[in-house]
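# Next one to model:
(chains A and B)
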Amino acid sequence: MGSEVRVRFAPSPTGYLHIGGARTALFNWVYARARGGKFILRIEDTDRERSRPEFVEEILDSLKWLGMNWDEGPFFQSQREEIYKEFAEKLLREGKAYRARERRNKGLSYKPQGEGREVDEDKGEAIIFAAPEKEVSFVDLIRGPISVDSRQFGDIVLIKSDGLPAYNFACVVDDALMGITHILRGEDHISNTPKQILLYEALGFPVPEFAHLPLIMGKDGGRLSKRTGATAVSEYRKMGYLPEAIVNYLMLLGWSIGPDREIFSLEEAIKVFDVKDVNKTSAVFDFDKLRWMNSEYIKAKSSEELLSLLEPFLQERGLSPDRDYALRVIDLFKTRASTLIDFVEWGDYFWREDYTFEDKAVEMHLVKDMSGEFTALIEVFRDLEDWSVESIERDFRELVDRLGLKPRDLIHPVRVAVSGKKVGPGLFELLYVLGKETVIRRLQRQIERWRKGEDA
RNA sequence: GUCCCCAUCGUCUAGCCAGGUCUAGGACACGGGCCUUUCGAGCCCUUGGCCGGGGUUCAAAUCCCCGUGGGGACGCCA
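Numbers count the residues shown, from 1 in each chain, chains lettered A, B, ... in the order given. Purely as a prediction, here's the structure:
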């Protein structure tokens, strides 16, 4: 038919795949899937100094982890130098481009005193496109008509003096040759689009459709950066976020599946996605909401699934708990955890004996010596044949009555002694999962600390 | 400086294109309450917004204009 939708994601490997890039990739991917088209991956590694192979690796890994499989590629621009040269020479022959050390027409918006930019005195000749002076117009799929006077930007560098193509040229040649029909990219590219349209026209290629996605901003209103929060997708992975949650949240930033609906899968999104419905306004990345969404996805998983997801986090800490035990811990923590890390950090006392004691918890509940009560409790627990949540609670409360205490007088110190935390699952369930031996051992250890006069 | 884009609760948004049903709905966060075995979990409740000004119209969050504010681009980076 020849009318197949073909979109691409074209990152440059000068850094990790960040949240913004991931969202651009995601919208392209969803668009391709929604239209039954192809999603193509191209690596724009024409910056010799800054491009690094390990970043390519990292970007590919992150895309796969997020579930964005590509149909063609990855193509590397660094391997296509000859192709760009050919087209540049064609323009040269046609008199549409010239060789020079500088652009003849630098455009109305050129900043003569542009600070910070290093001027390379030794550069040789570049191939530069002589931009025709005209009003360039296009219809943005999200924003509608946009129009810019080409005199604003002036001539366009095609081939840099190092022989490698400049961004706008490589991009156009590749998009044309790869048959890209729709270009979805960040709003920061709006100013490149008129330049590229001029190049499509000069080269005699059909001009694709453009859609400029709103940018993602940090809490401070500026562009999302390391300062305003973690940005690398791999960072979120390490922090225990689930790809489903990230992808769901990213879709939500600038698009809505419908009123009063926020949790949805990519499959559902694909069914109703239309690029026209994407918002025009840039969105602030809300870490808290992502965290909330992640907790929703954690709750929806089975404990078995969570265990396999947790495996790397446990291994990393040298932990290899018994499977059944681990599943019980996960059951207990599932409703409280927001990230996978929470299972291992908030719940460290389930996995290791050298669990951390929170200062506040110790101050609040372990300052007063309760050796007598603890000793009595140990005895009660020793005699307990049936170690179940019900009998633990029953005997615990009996003892509390006998000692003339209120439940909370003993519950809190015990919680802190066995977990080191002042917050956690219900105490009796906690003790049950921890197991009789462990509980008794930890209570005894606390008695020891009191005897030695230590705090914890 | 030049050009481009955008504008609904603190944040993400629904509503806008096809004006009335919007004294503007939801979610996150915040505040409060309940649970009393904690809260980082659960349940419940509250606060909070159409940037301003003109116009068009019987009627404007919705359409038009101006202003203001925010963002982006201006590189032989991508």
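# And for A:Asn279, the neighbour number?
13 (other Cβ atoms under 10 Å). Glycine gets a C-beta too; all of them are placed from N, C-alpha and C.
# let me redo that: A:Leu60
By other Cβ under 10 Å, 18 other residues sit near A:Leu60.
# Could you list the residues in contact with the helix or strand where it lies?
According to DSSP states H and E, A:Leu60 maps onto helix A:53-66. Under the criterion Cβ atoms under 8 Å, 6 or more residues apart in numbering, residues A:9, A:11, A:13-17, A:21-22, A:25-26, A:41, A:43, A:45, A:70, A:74, A:232-234, A:237, A:243, A:246-247 lie in contact with helix A:53-66.
# for chain A, what helix or strand is lowest in average pLDDT?
Of all helical and strand segments in chain A, the minimum by mean pLDDT, DSSP states H and E falls on helix A:359-365, at a mean of 92.
# If we go by neighbour counts, what in whichever helix or strand comes after the helix holding A:Leu60 is buried?
The C-terminal neighbour of helix A:53-66 among helices and strands, as given by DSSP H and E, is strand A:72-76. Residues of strand A:72-76 classed as buried: A:73-75 (neighbour count, 16 or more other Cβ atoms under 10 Å).
# same thing with stretch A:296-310?
So stretch A:296-310, judged by 16+ other Cβ under 10 Å, has buried residues A:296-298, A:301, A:303, A:306-307, A:309-310.
# related to what we said a few turns ago, in ChimeraX, select just the buried ones from the contacts of helix A:53-66.
To isolate the buried ones among those in ChimeraX, judged by 16+ other Cβ under 10 Å, type:
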select /A:9,11,13,15,16,17,21,22,25,26,41,43,45,70,74,232,233,234,237,243,246,247
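# returning to what we had before: which parts of the least confident helix or strand of chain A are buried?
Judged by neighbour count (16+ other Cβ under 10 Å), helix A:359-365 contains these buried residues: A:361-362, A:365.
# now, among these, which is nearest to RNA strand B?
Nearest to RNA strand B out of the buried residues of helix A:359-365 is A:Ala361 (Cβ to the nearest atom of the strand; 8.0 Å).
# Please identify the residues of the stretch 251-400 of chain A in proximity to RNA strand B?
A:252-256, A:259-260, A:262, A:277, A:279-284, A:286, A:288-289, A:291-292, A:295, A:335-336, A:342, A:346, A:358, A:393 (Cβ under 7 Å from any atom of the strand).
# CA-only coordinates of the least confident helix or strand of chain A in PDB, if you can.
The C-alpha trace of helix A:359-365 is given here as PDB (Å, rounded to 0.1, in the frame of the first residue of the first chain):
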ATOM      1  CA  ASP A 359      17.300   6.600  66.300                       C
ATOM      2  CA  LYS A 360      13.800   8.000  66.800                       C
ATOM      3  CA  ALA A 361      12.400   4.500  67.300                       C
ATOM      4  CA  VAL A 362      15.000   3.700  70.000                       C
ATOM      5  CA  GLU A 363      14.500   7.000  71.700                       C
ATOM      6  CA  MET A 364      10.800   6.600  71.900                       C
ATOM      7  CA  HIS A 365      10.500   3.000  72.900                       C
END
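# Tell me the helices and strands packed up against that helix.
Helices and strands touching helix A:359-365, by 3 or more Cβ pairs under 8 Å, 6 or more residues apart in numbering; DSSP states H and E, are helix A:407-419.
# What about the contacts of helix A:53-66, which are in helices?
Mapping those onto helices (DSSP state H) picks out A:21-22, A:25-26, A:233-234, A:237, A:243, A:246-247.
# Using a markdown table, lay out the buried residues of strand A:72-76 together with pLDDT and distance to A:Lys90.
Shown next, in a markdown table, are the buried residues of strand A:72-76 (pLDDT from 0 to 100; distance: Cβ to Cβ, whole Å):
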| residue | pLDDT | distance to A:Lys90 |
| --- | --- | --- |
| A:Gly73 | 82 | 25 |
| A:Pro74 | 97 | 26 |
| A:Phe75 | 97 | 21 |
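# Dump those residues to a markdown table, plus distance to A:Glu448.
Formatted as a markdown table, those follow (distance: Cβ to Cβ, whole Å):
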| residue | distance to A:Glu448 |
| --- | --- |
| A:Gly73 | 63 |
| A:Pro74 | 60 |
| A:Phe75 | 66 |
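# Going by distance to RNA strand B, which of those residues wins?
For the buried residues of strand A:72-76, the nearest to RNA strand B is A:Phe75 (12.2 Å; Cβ to the nearest atom of the strand).
# Report the contact partners of the closest one.
A:Phe75 makes contact with A:40-43, A:174, A:178, according to Cβ under 8 Å, 6+ apart.
# Likewise for A:Gly36?
By Cβ under 8 Å, 6+ apart, the residues touching A:Gly36 are A:4-5.
# Can you tell me how far it is from A:Lys271?
Distance of A:Gly36 to A:Lys271, computed by Cβ to Cβ, to the nearest Å: 12 Å.
# go on, A:Leu63?
22 Å.
# Between the two, point out the one with more neighbours.
Applying other Cβ under 10 Å to A:Leu63 and A:Lys271 shows that A:Leu63 carries more neighbours, namely 23 against 12.
# Would you mind pulling the contact partners of the helix or strand hosting A:Ile447?
Using DSSP H and E, A:Ile447 maps to helix A:436-452. By Cβ under 8 Å, 6+ apart, the residues outside helix A:436-452 that reach it are A:366, A:369-371, A:374-375, A:377-378, A:381-382, A:384, A:387, A:414, A:417-418, A:431, A:434, A:455-456.
# And it, what's buried?
For helix A:436-452, by 16+ other Cβ under 10 Å, it's A:439-440, A:442-443, A:446-447, A:449-450.
# How about stretch A:23-37?
For stretch A:23-37, a neighbour-count test (16+ other Cβ under 10 Å) marks A:23-35, A:37 as buried.
# coming back round to it: can you redo the contacts of A:Phe75 as TSV with pLDDT and distance to RNA strand B?
As requested, the contacts of A:Phe75 are arranged in TSV below (pLDDT from 0 to 100; distance: Cβ to the nearest atom of the strand, whole Å):
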residue	pLDDT	distance to RNA strand B
A:Ile40	98	15
A:Leu41	98	13
A:Arg42	98	9
A:Ile43	97	8
A:Asp174	98	10
A:Met178	98	15
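# what angle separates the helix or strand hosting A:Thr375 from helix A:436-452?
According to DSSP H and E, A:Thr375 maps onto helix A:371-383. Calculated by axes from the mean of the first three to the mean of the last three Cα atoms, to 10 degrees, helix A:371-383 forms an angle of 160 degrees with helix A:436-452.
# What pLDDT does the model give A:Pro112?
pLDDT, A:Pro112: 63.
# do A:Ser225 as well
74.
# what's the answer for A:Gly221, then?
Per-residue confidence (pLDDT) for A:Gly221: 76.
# my guess is it contacts A:Ala283, does it?
No. Assessed by Cβ atoms under 8 Å, A:Gly221 is found out of contact with A:Ala283, at 11.4 Å.
# More neighbours: which of those two?
Taking other Cβ under 10 Å, A:Gly221 and A:Ala283 do not tie; A:Ala283 has more neighbours (17 against 9).
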